[in-house]
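Participant: coords below, sequence missing:
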């Protein structure tokens, strides 16, 4: 018998706005001028937060911090597609997702300032706390989706992670579970091409990350992660598919980590300056400004006004963060378990 | 009242709790159509359906990780890991997430889940099917560790574990699954977590043992004035019951099949040294497995604490 071919595959890529701000009109998501301007403000707010957080870290007012510079579009573009009730499982570099969903900004300063109370998600918002251990939260997203399926809830679950996570066992276990049970989950990878010092080419032998989904029996798509509207469109489609029983989707947002891994890192040790410079040309905020300008929704005065507004909001968040008294020593015991053991109670008394 | 073995008692507990509370779901490898490799979940798939009795892929980390997500979402998952040696792949999920999601989220998200797993040596099974590494889990704040010692306690403790607001590792002594039958009431009763029981009262020496070592210890101490404590919950440990007994007897022997070094016996000995040393007449003696991986069947009897070693420890401490 001759050999035969059992499977072939292709991987879609989506981009809507080019670096000069020109858009493919046929692909533009249906967003009003106000909605487009809201996207712009959220991008700006995220970048403003980021700059302030880096400054606060240098001044010793917060601890180690992972910059989101360059990844704002992948975060804001996807998060604005969420309806509000979804369950979100973030990694640790998703400040733009948090802001877009309405998470209190001062709480993120609080968290990165070493106060775990900053991770207390407000009631009504189903954002899981930051997951520091790379990729290990993906099974939680699959589990929440399995829970939604068990209960018959019309729900989509979203998980955020980076390119490094695709090498973790939990990525594969969660993808497999999602594929086997056709779970209502959207996996969003911000492929920023560097996992600390390891470039994408040393992280995977595949041409794209998106194609990894195909091995688990569901769709993967690569989008231009610096194109906020492409990210938005792909996320909206994937959410609708999940909610209507169509199963999981993997969205690879190809972007770039413009800054060091964290404030404790020095990326100049391992990556060429020319590469960073080339990606600066593809800045997601700049691109969206050009797009808005072409549509009469942006000019220098508007930008200055919005920057001032974002600065004001971040100033206020810093003020609130620094006005919070430090936690009392006994508070480390408060949420260890529903009820403390007699030994823990004694330790708490000694600590207080 | 029916006479049940431990397999039947655990099955009854799951069936009753799934009937009472529709948030309770079972997930794991072969737990559905097959009823579990030890038949613990037999009949549940037929009674409650595939949505609540979930046959998962062979994926320990995803089983426990998905249980974390399901629990946070509002369900009460009872996950099965087929043998304790396979839980190592899921320890990241247990330690990094199940045990600390309440702390990390300052109480906003919790993980009311149970991970059940067969545990302990002496069933002539392949490697990694006979582990007893309970001490790892007792070291991790935020997770409870429970070991039933018979059918009656298995049912009562499992119901308490499922209703507990936090993650519980439920270690089922494999050797005991079908070894003994006890009267097990139908209908609900719970045994409180964190409470030990005096399995046998006595006055001259306190002996602590759990899992299949409890049965062996009870036989070994016949003829001695020994008080045997069955902790049932290893974490949090019921220090009050233990210390009261040691203060009465002045002597302590700890029996566990796990390797000696950094086993739970070390914590027990240290606590007694800190809090009851003036009551002790002699050294605390640990009768434990040696510091080797659990051997296969041909050597396992040389690994497990034997009745002779247990009696040897009693004789030694009673010399003081």
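Facilitator: All right, it came through fine. Just so you know, these numbers come straight off a predicted model, no measurement behind them. Numbering: from 1, shown residues only, chains lettered A, B, ... in the order given.
Participant: Between the two ends of stretch B:199-206, how far is it?
Facilitator: One end of stretch B:199-206 to the other measures 11 Å (C-alpha to C-alpha, to the nearest Å).
Participant: Could you pull out the buried residues of that stretch?
Facilitator: Neighbour counts over stretch B:199-206 (16 or more other C-beta atoms under 10 Å in any protein chain shown) mark B:199-200, B:202, B:204-206 as buried. Using the backbone N, CA and C atoms, a C-beta is placed for each residue, glycine as well.
Participant: which residues sit against it?
Facilitator: Residues from elsewhere that reach stretch B:199-206 (C-beta atoms under 8 Å, 6 or more residues apart in numbering or on different chains): B:149, B:214, B:218, B:221, B:224-230, B:242, B:245-246, B:248-249, B:251-253, B:314, B:317-318.
Participant: Could you list every helix and strand in contact with the top helix by length along chain A?
Facilitator: In chain A, with assignment by DSSP state H, the single longest helix is helix A:33-58. Secondary-structure packing of helix A:33-58 (3 or more C-beta pairs under 8 Å, 6 or more residues apart in numbering or on different chains; DSSP states H and E): helix A:72-79, helix A:95-100, helix A:105-112, helix A:228-243, helix A:284-294, helix A:300-323.
Participant: Is the helix or strand just after the third one positioned near chain B?
Facilitator: If I follow you right, that is helix A:105-112. Later in the chain than helix A:105-112, the nearest helix or strand by DSSP states H and E is helix A:138-151. Yes. Residues of helix A:138-151 contacting chain B under C-beta under 8 Å from any C-beta of the partner chain: A:138-151.
Participant: Over to stretch A:96-111?
Facilitator: No. Stretch A:96-111 lies out of reach of chain B by C-beta under 8 Å from any C-beta, never closer than 10.1 Å.
Participant: which residues does residue 44 contact?
Facilitator: All of this is about chain A. A:285, A:306-307, A:310.
Participant: my bad, chain B
Facilitator: Going by C-beta under 8 Å, 6+ apart, the list of residues near residue B:44 reads B:11, B:14-15, B:18, B:26, B:31-32, B:35, B:52-53.
Participant: Could you report the pLDDT at the nearest residue to residue B:231 once chain neighbours are set aside?
Facilitator: In this structure, residue B:231 finds its nearest non-sequential neighbour in residue B:196, 4.5 Å apart by C-beta to C-beta, 6 or more residues apart in numbering or on different chains. Per-residue pLDDT puts residue B:196 at 98.
Participant: that older thread, weed out the non-buried ones from the contacts of stretch B:199-206.
Facilitator: Buried among these (16+ other C-beta under 10 Å): B:149, B:214, B:218, B:221, B:224, B:226-230, B:242, B:245-246, B:249, B:251-253, B:314, B:317-318.
Participant: which among those residues are in contact with chain A?
Facilitator: Answer for the buried ones among the contacts of stretch B:199-206 near chain A: none qualify (C-beta under 8 Å from any C-beta).
Participant: still on that earlier bit, of the residues of helix A:138-151 next to chain B, which is the nearest to residue A:210?
Facilitator: Using C-beta to C-beta, residue A:138 comes nearest to residue A:210 of those, at 15.7 Å.
Participant: Now intersect the contacts of stretch B:199-206 with the helices, please.
Facilitator: B:214, B:218, B:242, B:245-246, B:248-249, B:314, B:317-318.
Participant: a markdown table please, covering those residues and showing pLDDT.
Facilitator: Below are those laid out as a markdown table (pLDDT from 0 to 100):
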| residue | pLDDT |
| --- | --- |
| B:214 | 97 |
| B:218 | 98 |
| B:242 | 98 |
| B:245 | 98 |
| B:246 | 98 |
| B:248 | 98 |
| B:249 | 98 |
| B:314 | 98 |
| B:317 | 98 |
| B:318 | 98 |
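Participant: before we move on, what SS does residue B:256 have?
Facilitator: strand (DSSP: H, G, I helix; E, B strand; the rest coil).
Participant: sorry, back to before: any of the contacts of residue A:44 buried? List them.
Facilitator: The buried subset of the contacts of residue A:44 (16+ other C-beta under 10 Å) comprises A:285, A:306, A:310.
Participant: Contact partners for the second one?
Facilitator: With contacts defined as C-beta under 8 Å, 6+ apart, residue A:306 is in contact with A:40-41, A:44.
Participant: what about residue B:267, neighbour count?
Facilitator: When neighbours are defined as other C-beta atoms under 10 Å in any protein chain shown, residue B:267 has 18 of them.
Participant: can you check the one 5 residues further on too?
Facilitator: Counted with other C-beta under 10 Å, residues neighbouring residue B:272 total 22.
Participant: could you list every residue that touches it?
Facilitator: B:242-243, B:246, B:252, B:280, B:284.
Participant: Now the most centrally placed residue in chain A: closest residue in space that isn't a chain neighbour?
Facilitator: Nearest to the geometric centre of chain A sits residue A:94, at 3.8 Å (C-alpha atoms, centre = their mean). Once flanking residues are discounted, residue A:94 sits nearest to residue A:160: 5.1 Å by C-beta to C-beta, 6+ apart.
Participant: what helix or strand is the one you found on?
Facilitator: Residue-wise, residue A:160 maps onto strand A:157-162 under DSSP H and E.
Participant: Quick one: name whatever helix or strand follows that strand.
Facilitator: Counting by DSSP H and E, the element after strand A:157-162 in chain order, helix or strand, is helix A:169-180.
Participant: what packs against that following helix?
Facilitator: Using 3+ C-beta pairs under 8 Å, 6+ apart: helix A:169-180 touches helix A:138-151, strand A:185-191, helix B:60-73.
Participant: change it to 6 Å
Facilitator: helix A:138-151, helix B:60-73 (3 or more C-beta pairs under 6 Å, 6 or more residues apart in numbering or on different chains; DSSP states H and E).
Participant: Just send those back as a markdown table, with mean neighbour count and distance to residue B:268 too.
Facilitator: Converted to a markdown table, these look like this (neighbours: other C-beta atoms under 10 Å in any protein chain shown; distance: least, C-beta to C-beta, whole Å):
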| stretch | mean neighbour count | distance to residue B:268 |
| --- | --- | --- |
| helix A:138-151 | 29 | 34 |
| helix B:60-73 | 30 | 28 |
